[in-house]
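# Could you look at this predicted model? Sequence included:
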Amino acid sequence: FSFLIQLCLTGYVIAENISTAEDLHLRNLPLAVLTFIYSAMIAYPGLVDSHNAFDLYGKIGPLQMTDFFVNQFLTFVLLFSGFFVIMIQESFIEAVLNTAALLFIPEIDDQLPQLLGLNGEEIIKNYLTYQSLKEFDKICQTNDSKITTSYLKSINSSIGVEFGDYYLTNIDESPSYPEDGIIFTPYQVRPGHDGLGHQVEASNFITHHCLIRKLIWSYTTLYPNSTKPRIGYLKIEKLDGEVIEIFRKGDSNVKVSDVKHSLNGVFIITSFQMSDDIIRLRVCGSDTSKNFLRAMEYYSLWGLNSSARKALDNDSKKKKKKNCHGKELREELNNYYYRMDSFRETLHYDHSLM
């Protein structure tokens, strides 16, 4: 219903431009320009997110076509037609009224559920739940031999993102309890200065201070058979090259094991608590910067600021360049070996002639 109203109103806007042959009034230019800019700002997020919306629908259908017309086609038409509608108005009040109308038309589909006493978020959740259960039933009825990587990719290209949680101190899986000091959120790691200790502090989003390339740690030997071991030594190699070492404090009789464990890839700390030893440490991450970015976008866990995204993009480019250089070296070596084999065969042939 909202689609039909929007389509009809947009048609009238176009008809106004076609049927009216009046000159443009420059006095309306400031209002027309500001309306154009504001409308573009409102339309931009919808245009950017359209690709993800189409992936959700999975195939071309009535819902996808309706979404395309409302959030892309009609928005684009109103953006330019509305500019000229405002410019041709003879009075200021008519220009203002038309501006209000033009800003209202794209919002009808978002406002209609609320006017009808419906919850727009619940409608979306119910639709996603229905589609998920429908897809789940389809997969359950599929023969195991048909569930291959290509089959899963055909359902959703993001399936199979390499990403995982690592409980280095074997903590329980639980939600955040800030009152108990249990918070699952990105932690920034900063080196200490002027004799102050290193800072491991919680953040609401991922910054470049959160990104870790490698972790090396050793457990204490006080309770070797404990199900919740404590970390007495932790070395953090950040993505930007900084190296931070954290040593246990307190009783010198408690030793740190010589056995070292390590993780390589791109990680962030999501839970950290320390007394004399590190008693709570959980990290999550992927094997590469590219997969880490894909995981953050797919799971929508935490936002990344511009510095973190830039650091991950630069790291991906470096690894890609390094891989290309390694490929070129391998090709050169293969060509070298091929020439050597050809040379040996030629020598062998000349020797046989002699």
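Yes, it's here.

# What distance do you get for Ile246 to Ile236?
Ile246 sits at a distance of 8 Å from Ile236 (criterion: Cβ to Cβ, to the nearest Å). From N, CA and C alone the C-beta is placed, and that goes for glycine too.

# now Glu162
Applying Cβ to Cβ to Glu162 and Ile236 gives a distance of 21 Å.

# Which residue of those two possesses the greater neighbour count?
Taking other Cβ atoms under 10 Å, Glu162 and Ile236 do not tie; Ile236 has more neighbours (22 against 14).

# tell me which residues in whatever helix or strand that one lives in are buried?
Here Ile236 sits within strand 231-238, counting by DSSP states H and E. Within strand 231-238, the residues scored as buried using 16 or more other Cβ atoms under 10 Å are 231-238.

# Now do the helix or strand following it: which elements does it pack against?
Of the helices and strands lying after strand 231-238 in sequence (DSSP H and E), the nearest is strand 243-247. With contacts taken as 3 or more Cβ pairs under 8 Å, 6 or more residues apart in numbering; DSSP states H and E, strand 243-247 sits against strand 231-238.

# Now do the strand it packs on and strand 243-247, the angle between them.
If you take axes from the mean of the first three to the mean of the last three Cα atoms, to 10 degrees, strand 231-238 sits at 170 degrees to strand 243-247.

# Extract the CA atoms of strand 231-238 and return them as CSV.
Presented in CSV, the C-alpha positions along strand 231-238 are these (Å, rounded to 0.1, in the frame of the first residue of the first chain):
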residue,chain,number,x,y,z
ILE,A,231,48.9,-16.7,32.7
GLY,A,232,52.2,-15.5,34.2
TYR,A,233,53.8,-14.1,31.0
LEU,A,234,52.1,-12.5,28.0
LYS,A,235,53.8,-11.0,25.0
ILE,A,236,51.7,-9.0,22.6
GLU,A,237,52.9,-8.1,19.1
LYS,A,238,50.5,-5.5,17.7
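
# now for that strand, which elements pack on it?
strand 212-219, strand 243-247, strand 278-286.

# Of these, give the one that comes closest to Ser91.
strand 278-286 (60.3 Å; Cβ to Cβ).

# what comes up buried for the helix or strand just after that closest one?
Following strand 278-286 in sequence order, the next helix or strand is helix 289-299 (DSSP H and E). The neighbour-count check on helix 289-299 (16+ other Cβ under 10 Å) flags 289-296 as buried.

# From the contact counts, what lies against helix 289-299?
strand 261-274, strand 278-286, helix 306-353.

# which residues are in contact with that helix?
Residues from elsewhere that reach helix 289-299 (Cβ atoms under 8 Å, 6 or more residues apart in numbering): 158, 161-163, 206, 239, 265-266, 285-286, 301-302, 304, 309, 312-313, 315-316, 319.

# Among these, the buried ones, what's the PyMOL command?
Only the buried entries of the contacts of helix 289-299 go into this PyMOL selection, using 16+ other Cβ under 10 Å:
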select buried, resi 161+163+206+239+265+266+285+286+301+302+304+312+315+316
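
# Buried residues, stretch 25-39. List them.
The neighbour-count check on stretch 25-39 (16+ other Cβ under 10 Å) flags 25, 28, 31-32, 35-36, 39 as buried.

# correction: stretch 80-88
Going by 16+ other Cβ under 10 Å, stretch 80-88 has these buried residues: 81-83, 85-88.

# So which residues of the stretch 101-250 of the chain form helices?
108-115, 120-140, 149-155 (DSSP state H, counting those that start in this stretch).

# between these, which gets nearest to Thr10?
Here helix 108-115 is closest among the helices of the stretch 101-250 of the chain (Cβ to Cβ), at 10.5 Å.

# Report all helices and strands that that closest one contacts.
Short answer (3+ Cβ pairs under 8 Å, 6+ apart): helix 108-115 packs on helix 2-19, helix 120-140.
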